[in-house]
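Student: the amino acid sequence is not available; the structure is as follows:
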């Protein structure tokens with residue numbers, strides 16, 4: 001298969017599998033304008049913090065079993081149904097045990113986390129985790145079996161339910177409650193952000209119900225030798241996952257402890273940080289959608305003779321698209337910023353930093369494929385631990401002096417460092433001819449065009465909005481034209 005056809009196949013898989021995530025998450029992010037207008041920055045800070053714990057716990061709940069499933073399901077010695085059933089029942093048993101233990105400890109944990117009067121929040125989080133873990137393998141099976149439409153349907157159904165309930169509780173009920181006895185009899189405005197968790201919990205439960213056809217395909221047995229191999233392969237990924245969660249979410253967990261203000265102000269600062277973090281949504285969604293489509297695709301291409309060239313080719317175009325997203329968001333940030341409440345705009349300085357950080361993370365997903373293909377997951381864990389070390393140290397140093405801006409810079413430093421280390425190690429174990437010079441040139445071009453707008457165009461045309469936005473569009477066109485001219489040249493750039 002030609003490289004262009006391979007790229008089209010990956011794009012189609014990323015578009016379909018990622019469409020559900022992109023559309024779903026995008027719709028979910030559309031709740032942010034409501035959250036940032038209904039709740040105070042302090043309340044939204046609590047939402048930001050509590051959801052960050054889900055990222056940490058999800059790693060422990062799934063312990064690399066999804067990736068292990070993709071790794072072993074293609075081996076002829078293990079029927080795909082056996083791999084699927086073994087992985088699922090392992091997750092089901094561990095999920096039941098872990099959730100039960102944490103629920104028993106929830107009163108104590110709530111006090112430790114500063115939510116002594118809201119133990120129910122932690123209970124909701126744990127139940128959400130339980131349901132979401134049980135859907136991980138059915139979703140993985142849909143991806144492996146190439147059923148993208150059903151995958152997308154279930155994903156989007158989850159988001160539609162969640163959004164619908166959020167709108168009902170946060171928008172409709174406050175209007176209906178004073179007028180309707182049926183609503184006022186149970187609706188409690190002081191329950192506040194609890195309605196966000198209730199909506200998520202209901203959506204997660206319904207998602208599991210929608211996946212019953214996949215659950216009915218399970219066999220009532222576990223292949224113990226296979227399970228051992230899957231655990232040996234997947235357990236190092238716990239370290240990778242935990243380190244990844246530290247890299248992605250530690251800032252939202254520790255900001256309230258390290259910021260040099262009183263507790264209420266710290267929570268408000270966390271809320272501002274969390275809201276402005278959402279403005280990097282397009283890069284985040286692009287990266288996540290790519291990862292979802294690319295992981296099974298990369299494994300499927302592993303035995304092809306020209307696999308390294310294919311991986312390099314894909315990474316090149318990932319970078320091109322990612323930089324286009326960066327440039328588009330930064331040029332039109334004066335419009336995009338109204339996605340969140342005006343009280344949160346003071347944190348806009350973190351947006352370009354986090355966009356670049358997520359771009360580095362996406363490139364890391366590309367250049368990190370070597371350790372999965374060579375079964376060197378321990379080395380992958382080492383890179384993630386290194387990234388976590390960078391994150392922890394820089395957050396501890398920078399938050400007390402720079403505030404949440406320090407967290408943003410720490411995130412960029414972490415992902416950039418992981419990307420560089422993974423590239424260097426990968427070239428030693430599985431050499432891939434990545435077009436580093438071309439990728440760096442495109443980065444410099446995007447940064448130059450952005451700064452051209454900031455330092456000159458917007459500064460001189462801000463009083464003429466129409467002209468200002470026409471010039472911004474022209475800058476995007478310049479970027480695309482340069483890319484088209486370079487990429488059409490018949491040289492080794494199609495590595």
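Tutor: Noted; the coordinates are in hand. Just so you know, these numbers come straight off a predicted model, no measurement behind them. Numbering: from 1, shown residues only.

Student: what about residue 59, neighbour count?
Tutor: Residue 59: 19 surrounding residues under other CB atoms under 10 Å. (C-beta placed from N, C-alpha, C; glycine too.)

Student: so, low pLDDT: which residues of this protein?
Tutor: Judged by pLDDT under 70, the chain has its weakly predicted residues at 1-28, 75-76, 293, 295-296, 302, 462, 490-495.

Student: residue nearest the middle of it, spatially speaking?
Tutor: Here the mean C-alpha position of the chain is nearest to the C-alpha of residue 288 (CA atoms, centre = their mean), at a distance of 5.3 Å.

Student: and the strand or helix carrying it, how far from the chain's centre?
Tutor: Assessed by DSSP states H and E, residue 288 sits inside helix 281-301. The chain centroid and the centroid of helix 281-301 are separated by 10 Å under CA atoms, centre = their mean, to the nearest Å.

Student: and that helix, what does it pack onto?
Tutor: helix 3-29, helix 65-72, helix 119-144, helix 307-331, helix 350-367, helix 369-373 (3 or more CB pairs under 8 Å, 6 or more residues apart in numbering; DSSP states H and E).

Student: follow-up on the earlier one: from residue 32, how far off is the residue nearest to the centre of the chain?
Tutor: The spacing between residue 288 and residue 32, counted by CB to CB, to the nearest Å, is 17 Å.

Student: do residue 284 as well
Tutor: Going from residue 284 to residue 32 by CB to CB gives 13 Å.

Student: give me the outermost residue of the chain relative to its centroid.
Tutor: Of all residues in the chain (CA atoms, centre = their mean), residue 181 lies farthest out, 41.3 Å.

Student: got the contact list for stretch 377-393?
Tutor: Stretch 377-393 is contacted from outside by 64, 233-234, 236-237, 239-244, 246-247, 250-251, 368, 371-372, 410-411, 413-415, 417-418, 421-422, 425, 429, using CB atoms under 8 Å, 6 or more residues apart in numbering.

Student: how far off centre is that stretch?
Tutor: Chain-centre distance of stretch 377-393: 18 Å, with CA atoms, centre = their mean.

Student: can you give me the helices for the stretch 151-300 of the chain?
Tutor: Along the stretch 151-300 of the chain, counting by DSSP state H, counting those that start in this stretch, helices occupy 173-176, 181-184, 194-210, 212-215, 224-258, 263-277, 281-301.

Student: tell me the most buried of those?
Tutor: When you average the neighbours per residue for each of the helices of the stretch 151-300 of the chain (mean count of other CB atoms under 10 Å), helix 263-277 leads with a mean of 22.

Student: gap between that helix and the chain center?
Tutor: That offset, for helix 263-277, works out to 20 Å (CA atoms, centre = their mean).

Student: only the buried residues of the helix or strand containing residue 442, if you could.
Tutor: Element membership for residue 442 (DSSP H and E) is helix 436-452. The neighbour-count check on helix 436-452 (16 or more other CB atoms under 10 Å) flags 438, 439, 442, 443, 445, 446, 447, 449, 450 as buried.

Student: still on that earlier bit, same list (the helices of the stretch 151-300 of the chain) but as JSON lines, adding distance to residue 127.
Tutor: Shown next, in JSON lines, are the helices of the stretch 151-300 of the chain (distance: least, CB to CB, whole Å):
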{"stretch": "helix 173-176", "distance to residue 127": "22"}
{"stretch": "helix 181-184", "distance to residue 127": "25"}
{"stretch": "helix 194-210", "distance to residue 127": "6"}
{"stretch": "helix 212-215", "distance to residue 127": "18"}
{"stretch": "helix 224-258", "distance to residue 127": "20"}
{"stretch": "helix 263-277", "distance to residue 127": "22"}
{"stretch": "helix 281-301", "distance to residue 127": "24"}
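
Student: and of the ones you listed, who's closest to residue 104?
Tutor: helix 194-210 (18.9 Å; CB to CB).

Student: tilt between that closest one and helix 119-144?
Tutor: Here the directions of helix 194-210 and helix 119-144 differ by 30 degrees (axes from the mean of the first three to the mean of the last three CA atoms, to 10 degrees).

Student: show me what helix 194-210 is packed up against.
Tutor: Counting by 3+ CB pairs under 8 Å, 6+ apart, helix 194-210 packs on helix 119-144, helix 148-167.

Student: residues making contact with it?
Tutor: 35, 47, 50, 118, 120-121, 124-125, 127-128, 131-132, 134-135, 153-154, 157-159, 161-163, 165-166, 169-170.

Student: buried subset of the residues you listed?
Tutor: Buried among the contacts of helix 194-210 (16+ other CB under 10 Å): 35, 47, 50, 118, 121, 124-125, 127-128, 131-132, 134-135, 154, 157-159, 161-163, 165-166, 169-170.

Student: residues contacting residue 482?
Tutor: Going by CB under 8 Å, 6+ apart, residue 482 touches residue 445.

Student: where's it, which helix or strand?
Tutor: With DSSP H and E as criterion, residue 482 is part of helix 465-488.

Student: and that helix, what's buried?
Tutor: Going by neighbour count (16+ other CB under 10 Å), the buried part of helix 465-488 is 468, 469, 471, 472, 475, 479, 483.

Student: leaving out chain neighbours, which residue sits closest to the fifth one?
Tutor: If the residues on either side of it in the chain are set aside, residue 475 comes closest to residue 449, at 4.8 Å by CB to CB, 6 or more residues apart in numbering.

Student: so residue 304, which of the three states?
Tutor: coil (DSSP: H, G, I helix; E, B strand; the rest coil).

Student: dump the residue contacts of it.
Tutor: With CB under 8 Å, 6+ apart, residue 304 has these contacts: residue 310.

Student: list phi and psi for it.
Tutor: Main-chain torsions, residue 304, degrees, to the nearest 10: phi -70, psi 150.

Student: same question for residue 192.
Tutor: Torsion angles, degrees, to the nearest 10, at residue 192: phi 50, psi -120.

Student: all set now, cheers.
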